[in-house]
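A.B. asks: Sharing a model prediction with you, sequence too.
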Amino acid sequence: MSDTTTNWSRSDDAMIERAIRGGASRRDLLKLMLVSGMAMAAASTVLGRASQAVAATPVKGGALKAAGWSSSTADTLDPAKASLSTDYVRCCSFYNRLTFLDRAGVPQMELAESIDSSDAQTWTIKLKKGVTFHNGKDLTSDDVIYSLKRHLDKATGSKVAAIAIQMTGFKAVDKNTVEITLAGPNADLPTILSMHHFMIVADGTTDFSSGNGTGAFKCKQFEPGVRSIGVRNPNYFKGGPNVDSFEFFAIQDENARINALLSGDIHLAAAINPRSVRLFDGVNGFALSKTTSGNYTDLNIRMDMAPGNNRDFVEGMKYLVNREQIVKSALRGFGVVGNDQPVSPANFYHNAALKPKAFDPEKAKFHFQKAGVLGQPIEVITSDAANSAIDMAVIVQATAAGIGMKLDVKRVPSDGYWSNYWLKAPIHFGNVNPRPTPDILFSLLYKSDAPWNESRFTSEKFDKMLAEARASLDQAKRREIYNEMQIMVSEEAGTIIPAYISNVDAVTEKLKGLEPNPLGGMMGYAFAEYVWLAT
């Protein structure tokens with residue numbers, strides 16, 4: 001195979017896709033590929049995909065209905081306070097960000113026309129012109145500054161305040177140009193701004209119940225804990241959406257959610273547990289959409305409390321976990337084996353050379369004996385609140401029993417789990433949603449003063465490396481640093497990440513255009529803008 005073929009990337013695929021949607025002919029596509037250095041054989045393959053894409057032309061019209069899995073009276077349309085997938089889905093339909101991540105994890109411009117910096121500390125953002133809010137107001141620099149500064153106000157209660165705090169200076173250069181100054185260099189700012197919380201709202205907004213944004217849908221109805229209904233925004237600057245309306249609500253009982261799909265009441269049932277996939281066997285007219293984007297359930301051992309304050313106990317637990325069996329049994333194959341660090345294979349900076357800890361019960365037994373805990377009852381807290389955590393706990397418990405290790409698995413209710421057990425119990429499970437950059441993952445979960453430091457991992461060297469990688473615009477250097485940091489977490493922290501879990505959404509075959517996205521299931525929660533309903 002020629003070098004030109006092997007060098008073809010997902011970014012090139014994206015280029016071809018954009019050309020297709022722009023109406024390029026087959027001859028134009030071929031010229032584009034050859035100019036890009038693509039071999040003829042590879043070009044033929046992509047042209048085949050191009051023909052399929054042209055054939056799958058979006059259909060306009062229809063009322064889209066979808067069901068998530070979590071909802072409460074705390075549901076919000078305030079992007080800064082969004083904390084659940086339900087909130088993310090609604091915010092993605094009513095608002096826009098300055099950037100968004102494509103399926104390859106590369107930041108693309110949305111409300112921003114460009115984002116530039118020469119030193120990674122002072123950034124210039126030029127806004128697209130002609131963008132309006134649902135109430136007719138033009139998008140300006142003031143809206144961007146107001147939206148971003150809200151995260152710095154403690155009264156807002158922003159879920160990303162710890163990330164936004166690095167933004168220390170804001171200046172409206174003109175109506176369509178914003179200058180942002182950071183406390184220190186951060187080359188990831190364009191990616192950070194793609195997070196759901198950084199949606200842009202109108203300057204001065206304090207009441208978010210109307211969902212007044214620039215997004216693809218106008219909010220017609222919003223009842224927290226009940227449902228939301230959006231209707232097509234006829235003035236949407238990106239064109240579309242394809243459907244006339246979008247209704248979203250939650251059905252917390254999974255069987256009921258699946259039955260709603262099978263009966264035709266909804267078009268998409270989000271977050272299907274691997275255990276339930278069998279319900280679709282032999283049933284025509286439905287499909288499963290799988291996204292492996294960095295979601296994981298981890299077993300956390302606090303290293304500042306017994307028994308985790310004994311290094312041999314932590315090592316023993318890492319050898320005890322059968323990662324392949326967890327993927328096969330607990331996840332029913334919907335996942336990939338993890339290597340005890342949070343940067344997944346979907347991320348550009350994933351260290352593929354870092355191998356998972358070998359499953360070795362005898363080595364585990366050696367370390368448990370050395371730690372003086374073999375045969376002693378050790379409590380492990382688990383709950384349905386963390387995806388597949390109960391199944392994982394049972395698998396680890398059974399393996400432990402085979403070497404004389406007594407793990408006392410205590411199953412607790414989902415209600416109150418995150419406030420009463422997560423981060424608090426000596427040994428417990430957690431669940432982490434995808435984050436777009438290693439810097440965000442490490443800052444939230446592993447920095448010495450990280451707010452969600454699940455195992456109380458501390459390392460001055462790690463903290464310094466984090467700051468160094470953040471400041472560098474040299475991708476090769478950043479990759480080298482992040483590779484080493486992943487090794488440190490895998491070998492030194494008390495978090496065991498056995499697998500990166502695939503998010504599975506079930507859909508009717510009438511729903512078209514759904515694609516994977518590194519920000520999570522349901523197309524990074526932004527599916528409503530892009531999908532269509534086949535007639």
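C.D. replies: It's in.
A.B. asks: all helices for the stretch 101-250 of the chain, in order.
C.D. replies: Assigned by DSSP state H, counting those that start in this stretch, the helices in the stretch 101-250 of the chain fall at 141-149, 161-164, 189-192.
A.B. asks: Comparing these by mean pLDDT, which bottoms out?
C.D. replies: Note on the helices of the stretch 101-250 of the chain: lowest mean pLDDT is at helix 161-164, with a mean of 90.
A.B. asks: For the closest residue to Ile125 other than its chain neighbours, give the beta-bridge partners.
C.D. replies: Using CB to CB, 6 or more residues apart in numbering and skipping residues adjacent in sequence, the residue nearest Ile125 is Val178, 4.5 Å away. Backbone N, C-alpha and C define where each C-beta goes, glycine included. Under the criterion DSSP bridges, Val178 forms beta bridges with Ile125, Ala172.
A.B. asks: Could you give the number of residues near Val178?
C.D. replies: 24 (other CB atoms under 10 Å).
A.B. asks: which residues does it contact?
C.D. replies: Listed by CB atoms under 8 Å, 6 or more residues apart in numbering, the contact set of Val178 reads Thr124, Ile125, Leu127, Ser141, Val144, Ile145, Phe170, Lys171, Ala172.
A.B. asks: Quickly note the distance from it to Leu262.
C.D. replies: Distance, Val178 to Leu262, using CB to CB, to the nearest Å: 48 Å.
A.B. asks: what do you get for Lys328?
C.D. replies: Lys328 sits 27 Å away from Leu262, going by CB to CB.
A.B. asks: now swap in Leu98 and tell me
C.D. replies: 40 Å.
A.B. asks: In terms of pLDDT, where does Ala450 sit?
C.D. replies: For Ala450, the model assigns a pLDDT of 92.
A.B. asks: pretty sure it contacts Leu444?
C.D. replies: Yes: using CB atoms under 8 Å, Ala450 is in contact with Leu444, at 5.7 Å.
A.B. asks: Give me the neighbour count for Val226.
C.D. replies: Neighbourhood size, Val226 [other CB under 10 Å]: 12.
A.B. asks: give the contact list for it.
C.D. replies: Contacts of Val226 (CB under 8 Å, 6+ apart): Ser71, Phe249.
A.B. asks: Could you check how far it is from Thr86?
C.D. replies: Counting by CB to CB, the separation of Val226 from Thr86 is 11 Å.
A.B. asks: Next, give phi and psi for the closest residue to Ala162 other than its chain neighbours.
C.D. replies: Leaving aside its chain neighbours, Ala162 sits nearest to Pro451 (5.8 Å; criterion: CB to CB, 6+ apart). Per-residue torsions, Pro451: phi -70, psi -30 (degrees, to the nearest 10).
A.B. asks: how close does Pro451 get to Phe359?
C.D. replies: According to CB to CB, Pro451 and Phe359 sit 32 Å apart.
A.B. asks: neighbour-wise, which of those two wins?
C.D. replies: With neighbours defined as other CB under 10 Å, Pro451 and Phe359 compare such that Phe359 has more, 18 against 11.
A.B. asks: Next up, the contacts around the more buried one.
C.D. replies: Residues counted as contacts of Phe359 (CB under 8 Å, 6+ apart) are Tyr319, Leu320, Val321, Asn322, Arg323, Glu324, Gln325.
A.B. asks: Next, format those residues as a markdown table and append pLDDT, secondary structure and distance to Leu77.
C.D. replies: Putting the contacts of Phe359 into a markdown table (pLDDT from 0 to 100; DSSP: H, G, I helix; E, B strand; the rest coil; distance: CB to CB, whole Å) gives the following:
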| residue | pLDDT | secondary structure | distance to Leu77 |
| --- | --- | --- | --- |
| Tyr319 | 98 | helix | 47 |
| Leu320 | 98 | helix | 45 |
| Val321 | 98 | coil | 40 |
| Asn322 | 98 | coil | 43 |
| Arg323 | 98 | helix | 39 |
| Glu324 | 97 | helix | 42 |
| Gln325 | 97 | helix | 42 |
